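> Predicted structure and sequence below. I'll ask about it afterward.
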Amino acid sequence: MNRRTLAAMVVIAVMSIGFFQGQTTDAQPKDSPIVGSWRRLSGESGVGVTNLYTFSADGTMMSTDRDGVTWLGAWEADGEDTIAFTLEAVNADGTGMGQSLRFAIGPNSDEIAFGPDTLQRITPES
């Protein structure tokens, strides 16, 4: 490979890095109160935890339900105090399933009303 070809490849690589780094969105501020891990407590007596959720600052999220199904998805701020997210999973038989939800969040809450359920922030034990 000659120097000219190598130099062109380096320039393209550097430009690509800058381009892809610029593809982020401000829809999910890094300091959003939803960023972190949460347990979903059922409003039904005796059911307990039904899901675990992790909301990342980059707008991605994942969840695991009590049946062991892993859900992957995306979330975004939908107004000042509301978020929306979509999750999808694949069943053992290869069929898919999904859910899209929208709910309100408080500015610094460790518990959020989630329909009849509650999302409770998972925090380090002291």
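Good, I have the coordinates. Everything numeric here is computed off the predicted structure, so don't read it as measured data.
> Bridge partners for Gly98, pull those for me.
Taking DSSP bridges as the rule, Gly98 bridges to Glu88.
> does it really touch Glu88, like I thought?
Yes - judged on CB atoms under 8 Å, Gly98 makes contact with Glu88 at a distance of 4.3 Å. C-betas here are computed from N, CA, C, even on glycine.
> between those two, who's got more neighbours?
Glu88 (13 against 10; other CB atoms under 10 Å).
> Need the pLDDT of that one.
pLDDT, Glu88: 94.
> Lys30 too?
58.
> going forward, begin numbering at 49 instead of 1
Yep, numbering from 49; the last one is Lys78 now.
> Against Ala132, how distant is Pro164?
According to CB to CB, to the nearest Å, Pro164 stands 19 Å off from Ala132.
> Could you list every helix and strand in contact with the helix or strand hosting Trp86?
Using DSSP states H and E, the element containing Trp86 is strand 84-89. Where contact means 3 or more CB pairs under 8 Å, 6 or more residues apart in numbering; DSSP states H and E, strand 84-89 is packed against strand 97-103, strand 165-169.
> residues making contact with that strand?
With contacts defined as CB atoms under 8 Å, 6 or more residues apart in numbering, strand 84-89 is touched by 96-103, 160, 162, 165-170.
> quick revisit: who's more crowded, Pro164 and Ala132?
Ala132 (15 against 8).
> Secondary structure element holding the more buried one?
Using DSSP H and E, Ala132 falls in strand 130-138.
> Tell me which other helices or strands that strand touches.
With 3+ CB pairs under 8 Å, 6+ apart as the test, strand 130-138 has strand 108-113, strand 118-125, strand 144-152 packed against it.
> Tabulate these (CSV), appending distance to Arg87.
Shown next, in CSV, are these (distance: least, CB to CB, whole Å):
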stretch, distance to Arg87
strand 108-113, 10
strand 118-125, 14
strand 144-152, 15
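> want to throw these into JSON lines with mean pLDDT and distance to Ile82?
Below are the helices and strands packed on strand 130-138 laid out as JSON lines (pLDDT from 0 to 100; distance: least, CB to CB, whole Å):
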{"stretch": "strand 108-113", "mean pLDDT": "95", "distance to Ile82": "9"}
{"stretch": "strand 118-125", "mean pLDDT": "93", "distance to Ile82": "7"}
{"stretch": "strand 144-152", "mean pLDDT": "85", "distance to Ile82": "9"}
